[in-house]
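In: Model the following, please.
(2 chains)
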2 protein chains.
Amino acid sequence: MASTFLRDCSTSSTVRLLHLQCRTNSLLPLHGLAPLSLPRTLGFSRTPISLRALCVASASPSPPPSATAEASLSGEGCATVIDGKAVAKKIREEVSAEVARMKEAIGVVPGLAVILVGDRTESATYVRNKKKACGHVGINSFEVHLPADSTEEEVLNSISGFNTDPNVHGILVQLPLPPHMNEQNVLNAVSIEKDVDGFHPLNIGRLAMRNREPLFVPCTPKGCIELLHRYRVDIKGKRAVVIGRSNIVGMPAALLLQREDATVSIVHSRTSNPEEITRQADIIIAAVGQANMVRANWIKPGAVVIDVGINRVEDEESPRGYKLVGDVCYEEACKVASAITPVPGGVGPMTIAMLLSNTLASAKRIHNFH
Amino acid sequence: MASTFLRDCSTSSTVRLLHLQCRTNSLLPLHGLAPLSLPRTLGFSRTPISLRALCVASASPSPPPSATAEASLSGEGCATVIDGKAVAKKIREEVSAEVARMKEAIGVVPGLAVILVGDRTESATYVRNKKKACGHVGINSFEVHLPADSTEEEVLNSISGFNTDPNVHGILVQLPLPPHMNEQNVLNAVSIEKDVDGFHPLNIGRLAMRNREPLFVPCTPKGCIELLHRYRVDIKGKRAVVIGRSNIVGMPAALLLQREDATVSIVHSRTSNPEEITRQADIIIAAVGQANMVRANWIKPGAVVIDVGINRVEDEESPRGYKLVGDVCYEEACKVASAITPVPGGVGPMTIAMLLSNTLASAKRIHNFH
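Out: The predicted structure is shown next:
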């Protein structure tokens, strides 16, 4: 376990930048405190002060790779674990209740259509999980599975069919598409009214603009903000750093934080001093796809850390030969942060929960049901 | 003059935040060095070092309100003055040449239509200036002037007419509209192909997204970036702070800087420590509409300052009774910055130049003329 962990953190290209090594600590529990029951206030000027006083003193936010630092990590972690699995379950229950109420009141069942092109195993798994999740909350699911050598026109035809199908309230094109297709053309073909993924530039534009409302917000960043809300983390006026600027997570996450009056900085591959800027943040959203990139010395004591990354790292002890880790070096971060999402079990489960929530919202809007 | 200046800076609500007063210095020149001829390199790791060595040592970036600080300001300013008037003139000449080339080659003259509703003096002046600028570069201009009590439908009808008029390549609705109209509805009615103001959410969405290209970029922020380009200011990898997050300047300016690989932070009314964050910036774009808000101690020595604000402050010596100042306390800033736009004569002239440029680009795109 100890050696595995050493390897985990070393897989990050950021080690080069930091000149730090993840230290081994076989006694270190995954997190020192059990997840707290929801809702829980994590306003920076309130609870976290006592949390920090209790725990963070034992961990240096920027520990040198020495025996002393090793010892300083032998205390228990202190960050509240933001339990995305539990929050996602609660949201699915809420969606389920609303789907039932809608069916009862007006006889309409929300429907989600998924278009899958090609045979990527991962994509097929995602689609299966989405369909299963729909089933659990009572949302109808529709699927078109096209072969990898389909033409773009065939995909556009499928989208067009769903655009006009009154039983379909959300349309999702599973990405990535085969390389011979123009992703932009395909995504733009989804009716803005059914764009539950929120990837249409019109939705992104409305998200960026003050006094405009997007019809849908992309699921993963929406899930990040929902976690902050459900754990009652103050956002207004706080410093937030988003690491990564992808169209599907980083950029919309930054826009969402700004809508909530955070002061937002976006750190990316061209940023020369990412750790220095990140260390100023009260809220960190890491969405860069680099295993264990964010180390202890990137994190201000008491910060709230949302880790969107899901990265495979070698793990000889796992029967699969790998395990999943985030963009944040969890064992280090949970000593410094006041709250953190684990990987897996943090942001991951929220994405599908938000997709269900967006599909329900779409059906309600189309049928003017409140 | 001295007392006027004291009053100028005190009109800013930020004085409250800063506990600083603008000091009087009747000997202080507007800027110590004459504007440099274009183009001029202002890469932070190159020229500004010597500029700073020459000048900035004489000015404290965060001077206390004392006699000593007063003395420290008696040296000459050193920032390069970014001459927006000269750059705008050059752009108008470039547009003019292209308009002539296009007319000569395919017989098409670009056309800009302006819709003015009501009788606001300022709006009428803006519209007149735009028409005049069109005339100078050979762009046809069209105008509809509707009374303030027009219905929204009448405005929409005018837009609709211009949307289909082949002589019109750009449509501009002069804001603000009378309060009984829905600005969003009106702006959304402008064809995306003719949205030379770049305010359509579809354009903003494309601006926010990687690998997408907006058809038009809003004129004022585009003008800010153009000034940085023409003065060869390095943007990639630099820290940039945008002060203000309006739909028409701050937000699109932040998106533009991000597209150029700056690390961008957005400071706004809810930011608790704007001066601390702004002081980290290599590039500052101030677009908040607060006279003299950005003081010397907000600015990192050697930073480049783009001042979008145009604010009226009382000036007994002026026959008009007021003068125009920016969001940046110019006399202080030009002692610390390596380059700065004056007000007036900085960003202001760039807005119309960019509008002409957008209109030309639209006509070229519609007629597939390169």
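In: Would you mark the buried spots in stretch A:334-351?
Out: A:334-343, A:345-351 (16 or more other Cβ atoms under 10 Å in any protein chain shown). Backbone N, C-alpha and C define where each C-beta goes, glycine included.
In: And stretch A:362-370, by the same measure?
Out: For stretch A:362-370, by 16+ other Cβ under 10 Å, it's A:362-364, A:367.
In: now the end-to-end length of it.
Out: Stretch A:362-370 has an end-to-end distance of 11 Å (criterion: Cα to Cα, to the nearest Å).
In: For the stretch 51-200 of chain A, just list every one of the strands.
Out: Using DSSP state E, counting those that start in this stretch, the strands of the stretch 51-200 of chain A run over residues A:80-81, A:111-117, A:140-146, A:170-173.
In: For chain B, find the nearest of the ones you listed.
Out: Closest to chain B of the strands of the stretch 51-200 of chain A is strand A:170-173 (Cβ to the nearest Cβ; 15.8 Å).
In: for the stretch 51-200 of chain A, what are the low-confidence residue spans?
Out: A:51-77 (pLDDT under 70).
In: residues from it in reach of chain B?
Out: The stretch 51-200 of chain A has residues A:184, A:200 near chain B, with proximity defined as Cβ under 8 Å from any Cβ of the partner chain.
In: One more pass at 7 Å, please.
Out: Proximity of the stretch 51-200 of chain A to chain B, by Cβ under 7 Å from any Cβ of the partner chain, involves residues residue A:184.
In: OK, now which residue of the stretch 51-200 of chain A is nearest to chain B?
Out: Counting by Cβ to the nearest Cβ, the stretch 51-200 of chain A gets nearest to chain B through residue A:184 (6.7 Å).
In: And for that residue, the neighbour number?
Out: 15 (other Cβ atoms under 10 Å in any protein chain shown).
In: In contact with the nearest residue to it once chain neighbours are set aside, which residues are there?
Out: Leaving out its chain neighbours, the residue that sits closest to residue A:184 by Cβ to Cβ, 6 or more residues apart in numbering or on different chains is residue B:212, at 6.7 Å. By Cβ atoms under 7 Å, 6 or more residues apart in numbering or on different chains, the residues touching residue B:212 are A:184, A:201, B:206.
In: and residue B:212, what element?
Out: Following DSSP states H and E, one finds residue B:212 outside all helices and strands.
In: Other residues contacting the longest helix belonging to chain A?
Out: Counting by DSSP state H, the longest helix found in chain A is helix A:84-106. Contact with helix A:84-106 is made by A:35, A:38, A:108-110, A:136-139, A:227, A:230, A:341, A:345-350, A:353, A:356-357, A:360, A:363-364, A:367, A:369, as judged by Cβ under 7 Å, 6+ apart.
In: Just give me how far it sits from the chain centre.
Out: On the basis of Cα atoms, centre = their mean, to the nearest Å, helix A:84-106 sits 20 Å off its chain's mean C-alpha point.
In: Name the residues of it that are buried.
Out: A:84-88, A:91-92, A:95-96, A:98-99, A:102.
In: One more: stretch A:179-196?
Out: So for stretch A:179-196, counting by 16+ other Cβ under 10 Å, buried means A:181, A:183, A:186-190, A:192-196.
In: how close does residue A:230 get to residue B:96?
Out: Distance of residue A:230 to residue B:96, given as Cβ to Cβ, to the nearest Å: 58 Å.
In: now do residue A:323
Out: Taken as Cβ to Cβ, the span from residue A:323 to residue B:96 is 64 Å.
In: Chain A: helices as residue ranges?
Out: Using DSSP H, helices in chain A cover A:2-10, A:15-18, A:47-55, A:67-72, A:84-106, A:121-137, A:152-164, A:183-189, A:201-208, A:219-230, A:250-259, A:274-278, A:330-333, A:348-366.
In: hey, which of the strands of the stretch 51-200 of chain A is tucked in deepest?
Out: strand A:170-173 (a mean of 27; mean count of other Cβ atoms under 10 Å in any protein chain shown).
In: quick one: that one to chain centroid distance?
Out: 19 Å.
In: Please identify the pairing partners of that strand and their relative orientation?
Out: Paired strands of strand A:170-173, with direction, are strand A:111-117 (parallel) (DSSP bridges).
In: can you list contacts of the partner strand?
Out: Residues from elsewhere that reach strand A:111-117 (Cβ under 7 Å, 6+ apart): A:123-124, A:127, A:130, A:134, A:139-146, A:148, A:150, A:155, A:158-159, A:162, A:167-174, A:177-178, A:196, A:359.
In: Now do the same contact list for the nearest residue to residue A:294 once chain neighbours are set aside.
Out: In space, residue A:294 comes closest to residue A:328 once its chain neighbours are excluded; the distance is 4.2 Å by Cβ to Cβ, 6+ apart. Counting by Cβ under 7 Å, 6+ apart, residue A:328 touches A:286, A:294, A:305, A:307.
In: Same list (the residues you listed) but as TSV, adding pLDDT.
Out: Output for the contacts of residue A:328, formatted as TSV (pLDDT from 0 to 100):
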residue	pLDDT
A:286	98
A:294	98
A:305	98
A:307	98
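In: Compile those residues into JSON lines and extend it with columns for neighbour count.
Out: Below are the contacts of residue A:328 laid out as JSON lines (neighbours: other Cβ atoms under 10 Å in any protein chain shown):
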{"residue": "A:286", "neighbour count": "31"}
{"residue": "A:294", "neighbour count": "31"}
{"residue": "A:305", "neighbour count": "28"}
{"residue": "A:307", "neighbour count": "29"}
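In: In strands, which of the residues you listed fall?
Out: A:286, A:305, A:307 (DSSP state E).
In: Also within reach of chain B: list those from the residues you listed.
Out: Counting by Cβ under 7 Å from any Cβ, no member of these is near chain B.
In: which one of those is nearest chain B?
Out: residue A:286 (15.3 Å).
In: Please name the bridge partners of the closest one.
Out: With DSSP bridges applied, residue A:286 shows beta-bridge pairing to residue A:243, residue A:307.
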